[in-house]
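Trainee: Have a look at this prediction, sequence included:
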Amino acid sequence: MANKPIKREIKYLGKDFEVFRNELIEYSQTYFPTSYNDFSSSSPGMMLMELSAYVGDVLSFYLDNQFQETFLQYARQANNIYELAYMMGYKPKATAAATVDLDIYQLVPSINQSGIKNPDFTYSLVVGANSIVSSNTNTTKFLIEDPINFAVSNSLDPTEITVYESSGGEAVSFLLKKTRKAISATTQSIDFNFGAYTEFPTVAISDNNIIGILDVRDSNGNTWYEVDYLAQDVVFDSIQNANTNDPNFSINSSEVPYLLKLKQIQRRFATRFTSPTSLQIQFGAGNSADTDEEIIPNSNNVGLGLPFEKDKLTTAYSPTNFIFTNTYGIAPVNTTLTVTYLIGGGVSSNVNSNILNSLSGNISFYNNNITSDANANTYFNSLQVNNPNAASGGGDGDSLIQIRQNAISNFSTQQRNVTPDDYLVRALSMPSKYGSISKAYVEKSKIINLLPGEIPSTLDLYILSKNNDRTLNYASAALKQNLQTYLSQFKVIGDSISIKDGFIINIGVNFEILTLPEYNNNEVIANCITALKDYFQIDNWQFNQPILLKELNVLIDNVEGVQTVENLEIINKVGSGYSAYAYDLEGARLNNVIYPSIDPMIFEVKNPNTDIQGKVVTL
């Protein structure tokens, strides 16, 4: 009769070297008491046990690490955080471009028309798209994406005309003015060669401060479109509002110069940042034999491609993906793709006013035959540009902590803003080429601010941007308009958004300490100031965040060499380069906590090198 196998107790709680080693010794002593009993550190048996414990410790470590990296809130490796963020629908930003309003001027002579002196628009200039504006004192360059034609004036693109020079009561020359928005970016191009057909070909752009893709064209002149994900086969396309395109709407062409339509596209690609300096471009899996077609949505083709086409009642549709595809677009084959992309942005792109004064690009006369005129050079060289206001919206790319937090918040919105927090994360997720919001806070409009009979569906979105020196600033009108346009794509019909400036309260810190014997007083003070600078770094502060005085005392007290904190005072800095808003810090103080006001505000140490002062006192 066969011996019944012995049931041995195995413990599965071991996690590190010591536990594994001790459990192996205990196991041997329990089940092999007579076979082996030399557990000294120099014995061969102990060598094998410690080797086994070593392997178990390493495997346990990597198993825990790999499991940890699958959760966005715990992941530490940058590439995993980027990938998990995309899985949750958030697109990290490598940089944020500043925006600025530019005034462009030129002179034209007068011409007598029916006894009236009018501008002679035959001398007007045309500035091509993607022109560059720069400064003689700053290396940051700005891009004007739209062309400029001084001969054209309408409600959307007016040409302001003023008399520049007159003689005998009659105009001799006129000054023409156009206004354009520009972003802190320059264009770069790179070519990618594709050979035989492969599924989902992927290429990558390696560069610093990548804002995004501007244009992709192949060697046959075909345009490739960027989509949020490859399954999105329909994009919004704009066409000129002309009689040949749509005679029903062409009568309103001055008010609506372009019409918006849906277009199915097969040449498409999706992008994602794998690191702050690498932008990956991925194409579909279809072959080039697939035909292009435009599909107008109707009840017959909505849901085309659903499995078995059984039931459309319970299908979840996206407005940009109501026609389903199995190829996810076509892959480029035997062609060369020229990718034009934008680089730039950053906090340093928030340049001051009146310094952008050099315009370069494709500039020509509206009338090409005018170049032979003796005065042509005078009017050609009269072209000037200036930025009356400072640029704003420029910012650094998302840090790993910002990516993690924004992605977690973004996940539950499902691309639609339902709660106030949805609008908050959407504002922070605005594409970088339209500007960057440094701080944002959203709340329902207060009842006292509503008009009689108004339904309380309005949300107040308070925002702030950054200056060139990384201090807080109020967002420009251009940045607010960009944000308003961006949010309009995601808001619920009944919601209305009011974008407002948050309140900045500038503060300073004065403290007194006792130092321990044998410590250098100046060195201890410097270390305390450094600790406070890190604590009040503006990236760590949000709207309506209180100041915890007890926490500040503990922070200073933990600095090496500090015996005790004798006094700590928070003071308000107002005017003379600081915020214009004063705040009663003592009145807002309760139980060693300085509370914010009812209105959305943020505390900021504007000049930490001078606003944080400390000294050593004696008993």
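Mentor: Structure's in. What do you need?

Trainee: mind checking which helix or strand of this structure has the lowest mean pLDDT?
Mentor: Across the helices and strands of the chain, mean pLDDT, DSSP states H and E gives its lowest value to strand 258-264, namely a mean of 60.

Trainee: what's the following helix or strand after it?
Mentor: Downstream of strand 258-264, the first helix or strand assigned by DSSP states H and E is strand 268-275.

Trainee: and that next one, what does it pack onto?
Mentor: Packing partners of strand 268-275 (3 or more C-beta pairs under 8 Å, 6 or more residues apart in numbering; DSSP states H and E): helix 78-87, strand 210-218, strand 225-226, strand 278-283. (Glycine included, C-beta is placed from N, CA and C.)

Trainee: In JSON lines, list the ones you listed along with mean neighbour count.
Mentor: Formatted as JSON lines, the helices and strands packed on strand 268-275 follow (neighbours: other C-beta atoms under 10 Å):
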{"stretch": "helix 78-87", "mean neighbour count": "17"}
{"stretch": "strand 210-218", "mean neighbour count": "20"}
{"stretch": "strand 225-226", "mean neighbour count": "16"}
{"stretch": "strand 278-283", "mean neighbour count": "20"}
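
Trainee: Just give me the neighbour total for Ser124.
Mentor: 21 (other C-beta atoms under 10 Å).

Trainee: if I look at it, how far off is Tyr31?
Mentor: To Tyr31, Ser124 is 97 Å away according to C-beta to C-beta, to the nearest Å.

Trainee: What of Arg267?
Mentor: 68 Å.

Trainee: Out of the helices and strands packed on strand 268-275, which is closest to Thr139?
Mentor: Proximity to Thr139 (C-beta to C-beta) singles out strand 210-218 among these, at 16.7 Å.

Trainee: Tell me which residues are up against the closest one.
Mentor: 94-95, 97, 183, 185, 187, 223-224, 226, 267, 269, 271, 273, 277, 279, 281, 332, 335-345, 431-433 (C-beta atoms under 8 Å, 6 or more residues apart in numbering).

Trainee: out of Arg267 and Tyr31, which sits in the more crowded spot?
Mentor: Ranked by neighbour count (other C-beta under 10 Å), Arg267 and Tyr31 place Arg267 first, with 22 against 11.

Trainee: wait, the more buried one sits on Val333?
Mentor: No: at 11.4 Å, Arg267 does not count as touching Val333 under the criterion of C-beta atoms under 8 Å.

Trainee: Go ahead and produce CSV holding the CA coordinates of the host helix or strand of Tyr105.
Mentor: Element membership for Tyr105, per DSSP H and E: strand 99-113. C-alpha atoms of strand 99-113 as CSV (Å, rounded to 0.1, in the frame of the first residue of the first chain):
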residue,chain,number,x,y,z
THR,A,99,-1.2,84.3,-27.2
VAL,A,100,-1.1,87.9,-28.1
ASP,A,101,-3.0,90.5,-30.1
LEU,A,102,-1.0,92.2,-32.8
ASP,A,103,-1.6,95.5,-34.5
ILE,A,104,-0.3,95.5,-38.1
TYR,A,105,0.0,98.9,-39.9
GLN,A,106,0.9,100.1,-43.4
LEU,A,107,0.7,103.4,-45.3
VAL,A,108,-1.0,103.9,-48.7
PRO,A,109,-1.3,107.0,-50.8
SER,A,110,-4.6,108.8,-51.4
ILE,A,111,-6.5,108.7,-54.7
ASN,A,112,-9.2,111.1,-56.0
GLN,A,113,-12.5,109.3,-56.6
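
Trainee: Give the other helices and strands that the helix or strand following that strand contacts.
Mentor: Later in the chain than strand 99-113, the nearest helix or strand by DSSP H and E is strand 116-119. Applying 3+ C-beta pairs under 8 Å, 6+ apart, we find strand 116-119 packed against strand 99-113, strand 170-183.

Trainee: Show me the contact partners of strand 116-119.
Mentor: Val108, Pro109, Ser110, Ile111, Ile161, Glu170, Ala171, Phe174, Leu176.

Trainee: Note down every partner strand of that strand and its orientation.
Mentor: With DSSP bridges as the test, strand 116-119 is paired with strand 99-113 (antiparallel).

Trainee: buried set for the strand it pairs with?
Mentor: Residues of strand 99-113 classed as buried: Thr99, Val100, Leu102, Asp103, Ile104, Tyr105, Gln106, Leu107, Val108, Pro109, Ser110 (neighbour count, 16 or more other C-beta atoms under 10 Å).

Trainee: residue contacts, the closest residue to Lys533 other than its chain neighbours?
Mentor: Excluding its sequence neighbours, the residue lying closest to Lys533 (C-beta to C-beta, 6 or more residues apart in numbering) is Pro608, at 4.6 Å. By C-beta under 8 Å, 6+ apart, Pro608 lies in contact with Ile529, Leu532, Lys533, Phe536.

Trainee: now those: which count as buried?
Mentor: Members of the contacts of Pro608 classed as buried by 16+ other C-beta under 10 Å are Ile529, Leu532, Phe536.

Trainee: Pull the contacting residues for the last one.
Mentor: Which is Phe536. Val509, Phe603, Glu604, Val605, Pro608, Ile612.

Trainee: Can you list the low-confidence ranges for the stretch 501-619 of the chain?
Mentor: Judged against pLDDT under 70, the stretch 501-619 of the chain has no low-scoring part.

Trainee: Run through the strands of it in chain order.
Mentor: 503-515, 547-548, 562-573, 589-590, 593-594, 601-604, 612-616 (DSSP state E, counting those that start in this stretch).

Trainee: quick one: low-confidence parts of the stretch 351-500 of the chain?
Mentor: 371-373, 411-416, 431-435, 447-457, 468, 489, 493.

Trainee: And the contacts of strand 116-119, which two are furthest apart?
Mentor: Glu170 and Leu176 (18.2 Å).

Trainee: ok, the two, which is more surrounded?
Mentor: Leu176 (24 against 11).
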